[in-house]
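**Q** no FASTA, just this:
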């Protein structure tokens, strides 16, 4: 393991702990760390993940999403809680099947809707209670609206294999990497 990979893994292991104390901030910070890990590893310049990036990334994703699941199980809102409890294993199954088969389409069939739902519920619980899902209808509408961009993202990242971090490096961090 390179020093760069060890640093990124440490960051991705430490940041999610914030979810237990400050759920929304920790969840957003974990998502940002996940999104920028490829950029950060090149920025620090101490070696990368090599061929193990995708497996390591999926394990670290599941790690931080597990913190979100733990928090959601303490929510009073049954719609928010039980939908999280269903979406989390659904995504974990998809990651497992992807790792087992190597077929990227598994990540499309089993999108990470859990994360978007969790963030939506955490946001509405604390800041937008008028939008908190309190009926099946409100929950299904929110899920449908969250699924549309999520499917685009899953397709772009896991099927078309577009790499948005390259755009970030070229346009935001130009000259630093």
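**A** Received, thanks. Keep in mind that this is a model prediction, so the values were computed, not measured.
**Q** Next, residue 90: secondary structure please.
**A** Here residue 90 is helix, with the state taken from DSSP: H, G, I helix; E, B strand; the rest coil.
**Q** can you pull the contacts of the residue lying closest to it once chain neighbours are set aside?
**A** Nearest non-adjacent residue to residue 90, counting by Cβ to Cβ, 6 or more residues apart in numbering: residue 110, 5.9 Å away. Where C-beta positions appear, they are placed from N, C-alpha and C, glycine not excepted. When contacts are counted by Cβ atoms under 8 Å, 6 or more residues apart in numbering, residue 110 touches 90, 91, 93, 94, 95, 97, 98.
**Q** And residue 75, by the same measure?
**A** Counting by Cβ under 8 Å, 6+ apart, residue 75 has contacts 81, 84, 121, 125.
**Q** can these go into TSV with extra columns for pLDDT and neighbour count?
**A** Shown next, in TSV, are these (pLDDT from 0 to 100; neighbours: other Cβ atoms under 10 Å):
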residue	pLDDT	neighbour count
81	98	17
84	98	23
121	98	27
125	95	19
